[in-house]
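Asks: Build me a structure from this.
(chains A and B)
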Amino acid sequence: KQEVTQIPAALSVPEGENLVLNCSFTDSAIYNLQWFRQDPGKGLTSLLLIQSSQREQTSGRLNASLDKSSGRSTLYIAASQPGDSATYLCAVRRLGGTYKYIFGTGTRLKVLA
Amino acid sequence: GAGVSQTPSNKVTEKGKYVELRCDPISGHTALYWYRQSLGQGPEFLIYFQGTGAADDSGLPNDRFFAVRPEGSVSTLKIQRTERGDSAVYLCASSPTSGEQFFGPGTRLTVL
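Replies: I've put the predicted structure just below:
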């Protein structure tokens, strides 16, 4: 059974700092992995999608890496800004005929001005 | 273009009542997901549609929950005999063939 863990659960950093959020999964047979941000009381916004054959994806100040063999993905945020404050969630879809995504519980990020 | 929309944004009902939650996906997206999210948790998968058919309903918690997508576009999640434990935010997402999911704002359901 796939389990997804995100550590830390919460993080506070000063503005301008580079930071790394972690996502671990127990079953390495994944189809893809997606990172989202969620603002309080809102739905999820897609940030990056990494297919199982890819090692990383980049969008602006965000870079997500995938290491299937170790069951890990990291989201790197460069030069953090107060507007980056949100909860960041990762979700994995398993290989093999299922469309079910399993989400982690998220990392709540606060960037201090 | 327009994103995923969900109605109502908030629904308060009494225990035992029936509720319907609606999702309008992004035009052209063939895949549609329903999730449930409790406070402080990640979304929990409920059901997946590919076109009109439910390709994976393994996340529906029991037979009080049912979802339809009769024309392959709009979907309705139906909950019968609501219980206080059903209180949560219900999220809908749609996806093109690439697999990237686009979420709606959610419906906050409160069962009194």
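Asks: from here on, contacts and neighbour counts on C-alpha atoms
Replies: OK.
Asks: Which of the helices and strands in chain B ranks last by mean pLDDT?
Replies: Of all helical and strand segments in chain B, the minimum by mean pLDDT, DSSP states H and E falls on strand B:53-56, at a mean of 86.
Asks: Now the element after that strand, going C-ward?
Replies: Downstream of strand B:53-56, the first helix or strand assigned by DSSP states H and E is strand B:65-68.
Asks: Sheet partners, orientation included, of that next one?
Replies: Note on strand B:65-68: by DSSP bridges, its sheet partners are strand B:75-79 (antiparallel).
Asks: is stretch A:13-28 up against chain B anywhere?
Replies: No - taking Cα under 8 Å from any Cα of the partner chain as the criterion, stretch A:13-28 and chain B are apart, separated by no less than 12.6 Å.
Asks: List the buried residues of that stretch.
Replies: A:13, A:15, A:21-25, A:27-28 (16 or more other Cα atoms under 10 Å in any protein chain shown).
Asks: quick one: which of the residues you listed is nearest chain B?
Replies: residue A:23 (12.6 Å; Cα to the nearest Cα).
Asks: Surely that closest one is in a strand?
Replies: Yes - according to DSSP: H, G, I helix; E, B strand; the rest coil, residue A:23 belongs to a strand.
Asks: Let me see the contact set for it.
Replies: A:4-7, A:72-74, A:90, A:104 (Cα atoms under 8 Å, 6 or more residues apart in numbering or on different chains).
Asks: which element is the spatially closest residue to it that is not a sequence neighbour on?
Replies: Distances taken as Cα to Cα, 6 or more residues apart in numbering or on different chains put residue A:6 closest to residue A:23, at 4.7 Å, once the chain neighbours are dropped. Using DSSP H and E, residue A:6 sits within strand A:4-7.
Asks: and chain A, which residues reach chain B?
Replies: Residues of chain A lying close to chain B by Cα under 8 Å from any Cα are A:34, A:42-46, A:49, A:89, A:98-106.
Asks: Could you rerun that using 7 Å?
Replies: Residues of chain A found near chain B (Cα under 7 Å from any Cα of the partner chain) are A:42-46, A:49, A:99-101, A:103-106.
Asks: who are the neighbours in contact with residue A:48?
Replies: Counting by Cα atoms under 7 Å, 6 or more residues apart in numbering or on different chains, residue A:48 touches A:34-35, A:57.
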